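Participant: Got a predicted model here, sequence first, then my questions.
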Amino acid sequence: MQDILDKNIIEEKTGNSITCEVYDELDSTNNRMKQYIYSGKRDVDLIVADSQTMGRGRMGRSFDSPSGHGIYMSMLIKPDAKSDNALLITSAAAVAVVRTVRKVTGLDAMIKWVNDIYIGKRKVCGILAEAVSYSEQEVDVVLGIGINVTSSGDMFSESVRDVAGSLYDPGTCSADKASRNEIIAAVVNEFNSIYGNIGEREFIDDYRKYSLVIGKDVRFLKDNDWVFGKVVDIDDDGGLIVDTSDGRILLNTGEISLRLR
Ligand code: BTN
């Protein structure tokens, strides 16, 4: 059965709580949402594309976005400056996705800090949160989520082929496939239920529970040098607490590497 993206189904499955736009192709759903914000349009909560020609990842990387095989979505978040911060929003998104992926695949998906979702040794989802100022004092966050649903093999560029995977890889998943509309709505619903009381930080328990990195040896770049350490915990703001030979360090952003194979 063809898995067609449908605005009405997505909206209905979110209890008609959001306004959604669906496109066959965009350069990047994050770019489209940012253009809207810059032009003063802040009434579309979710933009979804069947494919992206310039899907963007963190650290200037690209995100492979083949048609018919993935979910490329951007949510507009209007943070309450008093209680939210970008790291919390991004950690909340990771928890929303990991809960959804576990439900729809039955597999033990995990979070690699900050917000990559893995099934086994393969990355199945990446999250790119971008802050956009729409007035002198206020910022929105564009929360971009890319999920590989059935993509495989040479749909991934060579540079990520060794590590990229998808939810319904026939080698790892025997569950019946949920439609992309169902998965998108489930992520939105999970995220909105967490975001409703993000200040309470209840979701951080799951952020820790599903962490792939707590207790692991990692390395990360600091001032262009590799620092080696062991992750001891995640703090209540989603920061990573790492013991290094120079003492305990709190990481609030960046990227860590760990040995997965
Ligand atoms: C990463 O893995 O570094 C983050 C990938 C984020 C990809 C998503 S797909 C939807 C949205 N639009 C983009 O251009 N990027 C994000």
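Facilitator: That came through fine.
Participant: Please make it C-alpha for all contacts and neighbour counts, starting now.
Facilitator: Will do.
Participant: The closest residue to D24 other than its chain neighbours: how many residues sit nearby?
Facilitator: Excluding the flanking residues, the one nearest D24 by C-alpha to C-alpha, 6 or more residues apart in numbering is D50, at 4.9 Å. A total of 22 residues lie near D50 under the criterion other C-alpha atoms under 10 Å.
Participant: Phi and psi next, for D50.
Facilitator: Note on D50: its backbone torsions stand at phi -70, psi -30 [degrees, to the nearest 10].
Participant: Tell me who's in contact with it.
Facilitator: Residues counted as contacts of D50 (C-alpha atoms under 8 Å, 6 or more residues apart in numbering) are L5, V22, Y23, D24, E25, P66, S67, G68, G70, I71, Y72.
Participant: give me that answer again for 10 Å
Facilitator: By C-alpha atoms under 10 Å, 6 or more residues apart in numbering, the contact set of D50 is 4-5, 22-26, 29, 65-73, 180.
Participant: How are the helices of the protein distributed by residue range?
Facilitator: Shown for the chain, the helices assigned by DSSP state H span residues 7-13, 29-38, 86-105, 180-195, 204-209.
Participant: Could you pull out the buried residues of the second one?
Facilitator: So the one you mean is helix 29-38. Neighbour counts over helix 29-38 (16 or more other C-alpha atoms under 10 Å) mark T29, N30, N31, R32, M33, K34, I37 as buried.
Participant: doesn't G144 make contact with the second one?
Facilitator: Yes - with contact defined as C-alpha atoms under 10 Å, N30 and G144 form a contacting pair (5.8 Å).
Participant: Need the residues touching each of these two.
Facilitator: 46-48, 55-56, 72-76, 128-130.
Participant: For D237, which non-adjacent residue is spatially closest?
Facilitator: Using C-alpha to C-alpha, 6+ apart, the closest residue to D237 is L88 (5.8 Å).
Participant: Just the pLDDT at that neighbour, thanks.
Facilitator: As predicted, L88 sits at a pLDDT of 91.
Participant: What is the neighbour count of it?
Facilitator: As a burial measure, L88 scores 21 neighbours (other C-alpha under 10 Å).
Participant: again, but for the one 4 residues further on
Facilitator: A92 sits with 27 neighbouring residues when counted by other C-alpha under 10 Å.
Participant: And it, how far from M155?
Facilitator: Look at A92 and M155: by C-alpha to C-alpha, to the nearest Å, they are 29 Å apart.
Participant: Same question for S193.
Facilitator: Relative to M155, S193 is positioned 33 Å away (C-alpha to C-alpha).
Participant: go on, L250?
Facilitator: 37 Å.
Participant: With Q137 instead?
Facilitator: To M155, Q137 is 42 Å away according to C-alpha to C-alpha.
Participant: Look at the two and report which has more neighbours.
Facilitator: Neighbour tally, Q137 and M155, criterion other C-alpha under 10 Å: the higher count belongs to M155, 14 against 7.
Participant: what does this protein put close to the ligand?
Facilitator: Within the chain, the positions adjacent to the ligand are 28-30, 55-58, 63, 72-74, 126-128, 144-146 by C-alpha under 6 Å from any ligand atom.
Participant: Determine the set of other helices and strands touching the helix-or-strand element of the chain with minimal mean pLDDT.
Facilitator: Least confident helix or strand of the chain, by mean pLDDT, DSSP states H and E, is strand 256-258 with a mean of 90. When contacts are defined as 3 or more C-alpha pairs under 10 Å, 6 or more residues apart in numbering; DSSP states H and E, strand 256-258 packs onto strand 110-112, strand 217-222, strand 225-234.
Participant: contact partners of the second one?
Facilitator: Read that as strand 217-222. Contacts for strand 217-222 (C-alpha under 10 Å, 6+ apart): 225-232, 242-244, 251, 254-259.
Participant: Go through that strand and flag the buried ones.
Facilitator: Buried residues in strand 217-222 (16+ other C-alpha under 10 Å): D217, V218, R219, F220.
Participant: On the pLDDT front, check the first one for me.
Facilitator: pLDDT recorded at D217 is 95.
Participant: Quick check: the gap between it and the ligand.
Facilitator: Going from D217 to the ligand by C-alpha to the nearest ligand atom, to the nearest Å gives 21 Å.
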